[in-house]
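Enquirer: my questions concern the predicted model and sequence given below.
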Amino acid sequence: DWVMGDYIEEAVARIREQVGDEEVILGLSGGVDSSVAAALIHRAIGDQLTCVFVDHGLLRLNEGDMVMDMFAGKLHARVVRVDASELFLGKLAGVSDPEAKRKIIGGLFVDVFKAEAAKIKETHARHVAWLAQGTIYPDVIESGGAKSKKAVTIKSHHNVGGLPEQLGLKLLEPLRELFKDEVRELGVALGLPPEMVYRHPFPGPGLGVRILGEVKKDYADLLRRADAIFIEELRNTKDEATGKSWYDLTSQAFAVFLPVKSVGVMGDGRTYDYVVALRAVQTSDFMTADWAELPYSLLKRVSGRIINEVRGINRVTYDVSSKPPATIEWE
Ligand code: XMP
């Protein structure tokens, strides 16, 4: 539309003027904000932007490949993918406390990003002078006001505080004045697929806080497959009353891995396998949330598919806790 077209033109002009002939580095997470920031900056300065995508091994099924397909493949942006999954899983071995896990993941994320940014600064011919971040208006307000413990963690993970100074880079934040729905509209106008732009939020520590207790690769692999089935069924199931998919009718939905085993029966045999919990909530601000009244038929299909298709999981439960007193994530 016209208004958005004008906005893009203006934003592009502003970025070009700010950056001049210098270069920009951006940490791409696959989330909405960093994706839209990347697409906008790429539109403005093309190859003067290098995106760094740190894969911590705790992403959803095929997520890393999807991010690369989109940005390197379709947008032809410069993207460095850093596969750091072994590093992350190694440091997480034996750690089961949720906040300790968050600290390790957040800290490593910054270390890996810094190392990569330093490499780029050294090897690129042009002067790398900028760090771009997908900070949006609500983040700007939030960092001025009261913060919850988790909000602080969100900050330290995503909008890595102090990082520009440490890297000797200036901060470029082209989404600073936009609300979330404006960021989404901008993303679509820039050609990002609506499925990406209207995705549920995903926490920085990823599956690290959806595997209860110690994180192990085998657990992550099982969880990824169960979660993908749940999301696929939510996307494919429409609510008759509204005509919307259950994915769009929920604010956040995911599977959680419970490292306990229970007995089941499969064919003639007995199984003794892991459990997943499904979580789906509706909320306007994520401060309070109701568990979603998903149709039984949908839950039945999801549970049937997970148990049949994901060997190693033989029981599926549905979380009927609202926030408060439960939180949305299980850790
Ligand atoms: P809770 O579990 O506190 O979650 O009800 C509220 C919202 O915040 C997200 N969340 C996080 N996001 N890093 C993030 O980037 C984190 O450590 C983190 N913890 C929770 C959660 O997914 C939900 O949207």
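Expert: Here it is on my side, so go on.

Enquirer: what's in contact with stretch 257-268?
Expert: 207, 210-214, 219-220, 222-223, 226, 270-277, 307, 314-315 (Cβ atoms under 8 Å, 6 or more residues apart in numbering). All C-beta atoms are positioned from the backbone trio N, CA, C, and that covers glycine.

Enquirer: that should have said stretch 203-214, apologies.
Expert: 29, 56, 58-60, 88, 92-96, 98, 101-102, 105-106, 109, 153-154, 157-158, 215, 219-220, 223-224, 227, 254-259, 329-331.

Enquirer: and for stretch 283-297?
Expert: Residues outside stretch 283-297 that contact it (Cβ under 8 Å, 6+ apart): 201, 237, 239, 246, 249-253, 279-282, 318-324, 328.

Enquirer: how far does stretch 269-287 sit from its chain's centre?
Expert: 18 Å (Cα atoms, centre = their mean, to the nearest Å).

Enquirer: rewinding a little: for ChimeraX, what selects the buried ones among the contacts of stretch 203-214?
Expert: In ChimeraX syntax, the buried subset of the contacts of stretch 203-214 is picked out as below (16 or more other Cβ atoms under 10 Å):
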select :29,56,58,59,60,88,92,95,98,101,102,105,106,109,153,154,157,158,215,219,220,223,224,227,254,255,256,257,258,329,330,331
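
Enquirer: among the contacts of stretch 203-214, which lie within strands?
Expert: 254-259 (DSSP state E).

Enquirer: need the contact list for T135.
Expert: 33, 159, 173, 175-176.

Enquirer: separation between S303 and V310?
Expert: For S303, the distance to V310 equals 11 Å [Cβ to Cβ, to the nearest Å].

Enquirer: the helices in the stretch 1-150 of the chain, which residues?
Expert: Remark: helices assigned in the stretch 1-150 of the chain by DSSP state H, counting those that start in this stretch are 2-19, 32-45, 63-68, 85-92, 98-123, 137-144, 149-158.

Enquirer: of all those helices, which lies closest to the ligand?
Expert: helix 149-158 (4.2 Å; Cβ to the nearest ligand atom).

Enquirer: so which residues make contact with the following helix or strand past that closest one?
Expert: Sequence-wise, the next helix or strand downstream of helix 149-158 (DSSP states H and E) is helix 163-167. Outside helix 163-167, the residues that touch it by Cβ under 8 Å, 6+ apart are 110, 113-114, 117-118, 121, 131, 169-171.

Enquirer: need the max-distance pair from those residues.
Expert: V110 and K170 (18.2 Å; Cβ to Cβ).

Enquirer: between the two, who's got more neighbours?
Expert: The neighbour comparison of V110 against K170 (other Cβ atoms under 10 Å) goes to V110, with 19 against 15.

Enquirer: check what pLDDT that one gets.
Expert: At V110, the pLDDT value in this model is 94.

Enquirer: D33 and V183 touch, don't they?
Expert: Yes: in this structure, D33 is within contact of V183 by Cβ atoms under 8 Å, at 6.2 Å.

Enquirer: joint contacts of those two?
Expert: Joint contacts of D33 and V183 (Cβ under 8 Å, 6+ apart) are 134, 136, 175.

Enquirer: of those residues, closest to the ligand?
Expert: G134 (12.2 Å).

Enquirer: need the nearest residue in space to the closest one, chain neighbours excluded.
Expert: Of all residues not flanking G134 in the chain, D33 sits nearest, at 3.3 Å (Cβ to Cβ, 6 or more residues apart in numbering).

Enquirer: what separation do you get for L163 and the ligand?
Expert: To the ligand, L163 is 16 Å away according to Cβ to the nearest ligand atom, to the nearest Å.

Enquirer: can you give me the neighbour number for that residue?
Expert: 18.
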